[in-house]
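[1] please find the sequence and the predicted model below.
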Amino acid sequence: MTALLDVSELHVALGRGRKRTEILHGVDLTVAPGEIVGLIGETGSGKTTLARAVLGLVQAQSGTVAIDGREISGLRGGALRAFRRSGAVQYIFQDPLRSLDPERTVFDSLVEGLVVRGGRGRAELQDAAQGVAQLVSLPLDLLSRHPGELSGGQRQRVVIARAIAVDPRLLICDEPVSALDASTRITILELLLRLRESGDVGVLLITHDLGSLGGVADRVVVLYQGQVVETGTTDEIFLAPRHPYTRLLVMSVPSIQDEEPPDPELRRALRDELRSLTANSAQAATRH
Ligand SMILES: Nc1ncnc2c1ncn2[C@@H]1O[C@H](COP(=O)(O)OP(=O)(O)O)[C@@H](O)[C@H]1O
Ligand SMILES: [Mg+2]
């Protein structure tokens, strides 16, 4: 089966002139239809840069990004704009307040993407808004409210519902629950699970801590300093992490800590191992 998202050997550099640095060093990643893939990595590891490359917002130096078998990394000009307008890839940002217009009602936000595409009357837009609101369990009386009148979790539901309204193939959720409290986190993650059941949309769920994946991901990809260092099923990653960075991540998940308190000796040894690995790869990079 063709992967829904297929990122292969992706190199991305950012910045201009002498400040230009390579952020992603040959990243491989796939998401199948109906699959939830967790992308985990510390702040600055290149997660958002990868998301932006998949959205066609930054260009690759080399490597490819394909959606449904169609390469989008080479698109330019009108073809690139048409791809973005198609809404095939939807991006959900960490902070729902910043991604919602405070002046617009929930209804207006929900149908924004459909209005841009045109061709729908008021009644159709009403139906569409109610449909996606129900899908994310957003009470219909909130449709006439403004973002400032909603809770954090409700706002994040609006953002997710707005993304779903345009019938995307891939949903990229960039730290979607980092700004939310624990119980709201769970309802949002459950929502992603329900979405997967209702269609064949793929989800790339980006986060910096394993705990906030809440076990919803089918597969986990670990990004460290712009490279994928490990990938496996959620169980494999939690129960038998191999890379020292992944092992440190797993040790810092609270629910795992309860069963087995973290061993400071082991933690120190893993940090040392990680440091020497990083030093080796830096040497390898300068030899090129
Ligand atoms: N526009 C930019 N120009 C130069 N460097 C950038 C730019 N955007 C991000 N970076 C750098 O790229 C690295 C990865 O950033 P980012 O992809 O945002 O990481 P993450 O989302 O994992 O926190 C960071 O070191 C960041 O400083
Ligand atoms: Mg980021």
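    Noted; the coordinates are in hand. Ligands and ions are numbered 1, 2, ... in the order given.
[2] near ligand 2, which residues of the protein show up?
    If contact is defined as C-beta under 5 Å from the ion, the residues of the chain in contact with ligand 2 are 47-48. All C-beta atoms are positioned from the backbone trio N, CA, C, and that covers glycine.
[3] residue of the chain nearest ligand 2, please.
    In the chain, the residue that lies nearest ligand 2 is Thr48 (3.2 Å; C-beta to the ion).
[4] kindly tell me how buried the residue nearest to that residue when sequence neighbours are not counted is, as a neighbour count.
    With C-beta to C-beta, 6 or more residues apart in numbering as the criterion, Thr48 has its nearest non-adjacent residue at 5.9 Å, and that residue is Asp174. The number of residues packed near Asp174 is 20, by other C-beta atoms under 10 Å.
[5] next up, the contacts around Asp174.
    The contact partners of Asp174, by C-beta atoms under 8 Å, 6 or more residues apart in numbering, come to 47-48, 51, 91-94, 206.
[6] strands - which of these land there?
    91-92, 206 (DSSP state E).
[7] extract the C-alpha set from stretch 21-29 and format it as PDB.
    Below are the C-alpha coordinates for stretch 21-29, written out as PDB (Å, rounded to 0.1, in the frame of the first residue of the first chain):
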ATOM      1  CA  THR A  21      22.500  25.600   9.000                       C
ATOM      2  CA  GLU A  22      21.200  22.200   8.200                       C
ATOM      3  CA  ILE A  23      18.300  21.400  10.600                       C
ATOM      4  CA  LEU A  24      17.100  18.000   9.200                       C
ATOM      5  CA  HIS A  25      19.800  15.500   8.300                       C
ATOM      6  CA  GLY A  26      18.200  12.900   6.100                       C
ATOM      7  CA  VAL A  27      14.900  12.100   7.800                       C
ATOM      8  CA  ASP A  28      12.800   9.100   6.800                       C
ATOM      9  CA  LEU A  29       9.200   8.900   8.000                       C
END
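[8] what is the mean pLDDT for it?
    In this model, stretch 21-29 carries a mean pLDDT of 97.
[9] go ahead and confirm Gly211 touches Leu249.
    No: under the contact definition of C-beta atoms under 8 Å, Gly211 does not touch Leu249, with a separation of 9.2 Å.
[10] how distant is the helix ranked longest in the chain from the center of its chain?
    Of all segments of type helix in the chain, defined using DSSP state H, the longest is helix 264-287. For helix 264-287, the gap between its own C-alpha mean and the chain's C-alpha mean amounts to 27 Å (C-alpha atoms, centre = their mean, to the nearest Å).
[11] try stretch 16-35
    Stretch 16-35 has its C-alpha centroid displaced from the chain centroid by 13 Å (C-alpha atoms, centre = their mean).
[12] so which bits of it are buried?
    Applying a neighbour-count criterion of 16 or more other C-beta atoms under 10 Å, one finds 23-25, 27, 29-35 buried in stretch 16-35.
[13] now distance to Leu270 too, for these, in a markdown table please.
    Compiled in a markdown table, the buried residues of stretch 16-35 are given as follows (distance: C-beta to C-beta, whole Å):
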| residue | distance to Leu270 |
| --- | --- |
| Ile23 | 25 |
| Leu24 | 24 |
| His25 | 22 |
| Val27 | 23 |
| Leu29 | 24 |
| Thr30 | 28 |
| Val31 | 29 |
| Ala32 | 31 |
| Pro33 | 36 |
| Gly34 | 35 |
| Glu35 | 29 |
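[14] of the residues you listed, closest to Val12?
    Closest approach to Val12 among the buried residues of stretch 16-35 (C-beta to C-beta): Leu24, at 4.3 Å.
[15] show me where the stretch 151-288 of the chain has its strands.
    170-174, 202-207, 219-224, 227-233 (DSSP state E, counting those that start in this stretch).
[16] possible to save the ones you listed as a markdown table with distance to Arg271 and mean pLDDT?
    Formatted as a markdown table, the entries for the strands of the stretch 151-288 of the chain read as follows, by distance: least, C-beta to C-beta, whole Å; pLDDT from 0 to 100:
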| stretch | distance to Arg271 | mean pLDDT |
| --- | --- | --- |
| strand 170-174 | 27 | 93 |
| strand 202-207 | 21 | 93 |
| strand 219-224 | 13 | 96 |
| strand 227-233 | 15 | 96 |
